[in-house]
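Peer 1: pasting the sequence and the predicted coordinates here, then a few questions.
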Amino acid sequence: MRPDLRQTVRGMRDLLPDETWRLRFIEGCARRLAELYGYEEVITPIIEYYELLAAKIGEENRKRMYVFEDLGGRKVALRPEFTASIARLVSTRMVSAPKPIRLFSFGSLYRYDEPQLGRYREFWQANYELIGSDKPEADAEILSLTSDFLEAVGLRNYVIKINHVGVLRGILGHEGISEDGQNSIMQLLDKKDWDGALKLAEDYGASQRCVETLKRLFNLRSEDKNAVFKGVSEAVEGYPSALEALDNFSGIIDLVERIGLKIRFQFEASFARGLEYYTGVIFEVYVPELNIAVGGGGRYDRLIGLFGGIDMPAIGVAFGVDRIMLAMEEQGVNPPKPERKRVLVVAVDENNVADALKIAVALRRHGVQAEIDVMRRGLSRALSDADRRRIAYAIIVGPKELGEGKVILRDMRNKVQEEIRIEDLPGKLSVF
Ligand code: AMP
């Protein structure tokens, strides 16, 4: 079927100037925060080898990749996330960089998701990775950065849903379930298919005790950490590595609390994420107005080793910029767009066009935002158009004044105008 060429490809969007401005505003906040926390920006390719991206992304995400063969016959894909590229980069070109390594990335990602509000096939992320430390302070840093990011863009009402995959993996591993088996069970949990997850665990040979333990965990969700931690610790008795994970988890939350951050956590013992590479704390950020996550992250201590042979512990977070934009709208956050005073230079007739252009060029060199009238609609229409576009000053370039080295400067707001020498224009206009 012939496509309708007036439409964007399904799931792709144009961003109009206002939307682009808001996206760049969020990018600015993200970049400032990266600087404050010491994260250096890197740029990785949008196209990577399929195998690299597919390695640990999880079955669901793997099925949604844009995969194609390039003209050289290589099987490549558009990146669906940053983490695999960062892991590749760190395990190759930054392998001997001093630890910790703090990296920031901003850019577009591609997933063949079913388009709906907040779910697009091309979307943007601000991504932070802290590599080289397995200590709880690294996890605490990422959580504090998360809360600072949300505050910086102006969101006030948000909840961080959090869990530690080490608990679930500890139980399933103890039962002899392979990592692949664990991943399949976690995928079902990610989709909130509790029954399916239990059934699959049984199919993999989980004991009755394990099934009972999982059932208890699935009911543990609360903003009260003590209730959840106590419940988990009772449920996982006899699973030493699950207990160890719980210990690590509570140590991290303890640190975050001691920073004094007022983060609202929702502790959820059955919470898993689609990405397979997580080994520790995992979290997702929600705002009450949207039922989709605006950000998410977690600890992945074994992914980098997968590419480079040397294990490097790491934790990261990614914010879905498009969804942050939606959340800001829902919460009535309207960052003020700094309004520069604009000047329009209008030639009275075509003989004065070159002079008008020359004046505009000179003004811009003095930092004045100067546009020129390119429509030749006549003076009065050019001025009413300037009014409509909230231009602060119009410079009217006409033969009579030019003869004396002057132009007319019209203050569009008070509708007052004066003759002014051309060389005095920058001095007059670059100060406002
Ligand atoms: P993930 O890489 O799956 O952890 O996703 C991190 C964040 O990216 C999510 O919390 C979303 O905010 C955002 N995100 C993921 N998929 C999409 C999508 N299809 N459209 C828009 N944002 C998305």
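Peer 2: Noted; the coordinates are in hand. Here the structure is a predicted model, which is why all the values come from computation and not from measurement.
Peer 1: can I get stretch 330-342 as PDB, trimmed to CA atoms?
Peer 2: What follows is stretch 330-342 as a C-alpha-only set of coordinates in PDB (Å, rounded to 0.1, in the frame of the first residue of the first chain):
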ATOM      1  CA  GLU A 330      -0.400  17.400  34.000                       C
ATOM      2  CA  GLN A 331       1.100  19.000  37.100                       C
ATOM      3  CA  GLY A 332       0.800  22.500  35.600                       C
ATOM      4  CA  VAL A 333       4.600  23.100  35.400                       C
ATOM      5  CA  ASN A 334       5.200  25.800  32.900                       C
ATOM      6  CA  PRO A 335       8.900  26.800  32.900                       C
ATOM      7  CA  PRO A 336       9.000  30.500  31.900                       C
ATOM      8  CA  LYS A 337      10.400  30.900  28.500                       C
ATOM      9  CA  PRO A 338      12.900  33.700  28.600                       C
ATOM     10  CA  GLU A 339      11.700  36.400  26.300                       C
ATOM     11  CA  ARG A 340      14.400  38.300  24.500                       C
ATOM     12  CA  LYS A 341      13.400  41.600  23.200                       C
ATOM     13  CA  ARG A 342      13.300  41.400  19.400                       C
END
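Peer 1: who touches it?
Peer 2: For stretch 330-342, contacts defined as C-beta atoms under 8 Å, 6 or more residues apart in numbering pick out 21-22, 25, 153-157, 287, 289-290, 328, 369-371, 389-393, 432. Every residue, glycine included, has its C-beta placed from N, CA and C.
Peer 1: what about these, which are in helices?
Peer 2: 21-22, 25, 153, 328 (DSSP state H).
Peer 1: who wins for neighbours among those?
Peer 2: Val153 (25 neighbours; other C-beta atoms under 10 Å).
Peer 1: quickly note the distance from it to Arg381.
Peer 2: To Arg381, Val153 is 41 Å away according to C-beta to C-beta, to the nearest Å.
Peer 1: any idea how far the residue of the stretch 251-400 of the chain at minimum distance from the ligand is from Arg413?
Peer 2: Nearest to the ligand in the stretch 251-400 of the chain, going by C-beta to the nearest ligand atom, is Gly320, at a distance of 2.0 Å. In this view, Gly320 and Arg413 are 41 Å apart by C-beta to C-beta.
Peer 1: Asp180 now?
Peer 2: 69 Å.
Peer 1: one more: Glu175?
Peer 2: On the measure of C-beta to C-beta, Glu175 and Arg413 end up 75 Å apart.
Peer 1: between those two, point out the one with more neighbours.
Peer 2: Neighbours were counted for Glu175 and for Arg413 using other C-beta under 10 Å; Glu175 has more, 20 against 11.
Peer 1: pretty sure that one contacts Gly205?
Peer 2: Yes. At 6.9 Å, Glu175 and Gly205 qualify as touching, with contact defined as C-beta atoms under 8 Å.
Peer 1: residue contacts, the residue lying closest to the residue of the stretch 251-400 of the chain closest to the ligand once chain neighbours are set aside?
Peer 2: Leaving aside its sequence neighbours, Gly320 sits nearest to Val294 (C-beta to C-beta, 6 or more residues apart in numbering; 5.6 Å). Contact analysis of Val294 by C-beta under 8 Å, 6+ apart lists 155, 158, 285-287, 319-320, 323-324, 326-327.
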